[in-house]
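Participant: structure, please.
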Amino acid sequence: MNFIEKLTAATRKNNSLVCVGLDPDPKLMPEGLGVYEFNKAIIDATADIACAYKPNFAFYEALGDEGIAALKATIKYVPSGIPVIGDAKRGDIGNTSKAYATALFEVFKLDGATISPYLGFDGIEPFLQYKDKGLFILCRTSNSGAVDFQSLKCKTPGGGTRCLYEIVAAKAGEWNKNGNIGLVVGATYPEELKIIREQHPSLPFLIPGVGAQGGEIETTVKYGTDKNGERAVVNSSRGIIYASRGKDFAPAARKAAMTLRDQLNAFRPKLDNI
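Facilitator: From the prediction side, this is the model:
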């Protein structure tokens, strides 16, 4: 089963677009609880709700060897039917990207990963060798500083102009020979989300920015999903895993994930043929 098949199956089985971001911060976690134990409890509480899990590598790398061990154990613990997307934002010259791809997909055994396009095709190509893995290329990220570069107007060969994020999306579409490329597009920029979806109706989108960053539910679904109300992985990290910082953190995370799932589903099309 390749990434798209796995994502689609999980989306339909759990009737959900919710991706749970596993970003452990010991300062926010219940006292005395290890990272793996914390993640395990979150997964147990949300495995019938989530369409994907997304551990952000930075939070694990900051904890040294213990964090990396917890990351590996967490990836292994996620139920086999739910894809795990490593939020690593890797991308470099060809031979370095090859090593990054090996690490992400052979060492950590992830189903997908976030990739930086800044170095161009030779930085992406090594990841494309893993045809069954999902590659989410950074396109229009959810942070406020995204406008510094991603909104720059660039001249096109035809004499017009396009924003840099549109050019990145177009390149991603060209590179998508194996059907495993998607885009990272933030819910905090709904108009850009709409533009990119109109230009790329079938690419899967990883959509951060709902919840703590203020992205709106209705526009995220309306502009971010495909015609079937799918191909959107809507990530929430802090809003779910830190819904409570007490001993009830796992039940609180479950409630937050269910609430987000139901809010998203309220705006998805009702289709009987899928």
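
Participant: how about K40: what's its closest non-neighbour residue?
Facilitator: Ranked by C-beta to C-beta, 6 or more residues apart in numbering and with sequence neighbours excluded, the top spatial neighbour of K40 is Y77, at 5.8 Å. Placement of C-beta: from N, CA and C, glycine included.

Participant: before we move on, what about I195?
Facilitator: Closest to I195 by C-beta to C-beta, 6+ apart is E166, at 7.0 Å.

Participant: and that neighbour, how close does it get to K270?
Facilitator: Distance of E166 to K270, computed by C-beta to C-beta, to the nearest Å: 31 Å.

Participant: of the two, who's got more company?
Facilitator: E166 (22 against 6; other C-beta atoms under 10 Å).

Participant: on the three-state scheme, that one is what?
Facilitator: Three-state assignment for E166 (DSSP: H, G, I helix; E, B strand; the rest coil): helix.

Participant: contact partners for it?
Facilitator: 195-196, 199 (C-beta atoms under 8 Å, 6 or more residues apart in numbering).

Participant: which residue ranges form the strands in the stretch 151-274 of the chain?
Facilitator: 153-155, 161-163, 181-185, 205-207, 232-236 (DSSP state E, counting those that start in this stretch).

Participant: tabulate those (TSV), appending mean neighbour count.
Facilitator: Putting these into TSV (neighbours: other C-beta atoms under 10 Å) gives the following:
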stretch	mean neighbour count
strand 153-155	10
strand 161-163	15
strand 181-185	27
strand 205-207	27
strand 232-236	28
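
Participant: so for I42, which of these sits nearest?
Facilitator: Each of the strands of the stretch 151-274 of the chain has some distance to I42 by C-beta to C-beta; the shortest is strand 232-236, at 11.8 Å.

Participant: which strands border the closest one, and is each parallel or antiparallel?
Facilitator: Here strand 232-236 is paired, per DSSP bridges, with strand 18-22 (parallel), strand 205-207 (parallel).

Participant: save these as CSV, and put in mean pLDDT too.
Facilitator: What follows is these, written out as CSV (pLDDT from 0 to 100):
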stretch, mean pLDDT
strand 18-22, 98
strand 205-207, 98
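
Participant: of the ones you listed, which is nearest G32?
Facilitator: strand 18-22 (19.1 Å).

Participant: the spatially most central residue of the chain - nearest residue in space that isn't next to it in sequence?
Facilitator: Most central in the chain under C-alpha atoms, centre = their mean is L206, positioned 4.1 Å from the mean C-alpha point. Excluding its sequence neighbours, the residue lying closest to L206 (C-beta to C-beta, 6+ apart) is F136, at 4.4 Å.

Participant: give me the neighbour count for the residue nearest to K40.
Facilitator: Counted with other C-beta under 10 Å, Y77 comes out at 15.

Participant: report the contact partners of it.
Facilitator: Per C-beta under 8 Å, 6+ apart, neighbours of Y77: 36, 39-40, 43.

Participant: go on, S236?
Facilitator: 18-21, 210-212, 256-257, 260.

Participant: would the residue nearest to L206 count as being in a helix?
Facilitator: No. Going by three-state DSSP, the assignment for F136 is strand, not a helix.

Participant: what is the burial count for it?
Facilitator: So F136, with other C-beta under 10 Å, has 27 neighbours.

Participant: who touches the closest residue to R231 other than its chain neighbours in this structure?
Facilitator: Once flanking residues are discounted, R231 sits nearest to P204: 4.6 Å by C-beta to C-beta, 6+ apart. By C-beta under 8 Å, 6+ apart, P204 lies in contact with 4, 7, 134, 136, 182-183, 231-233.
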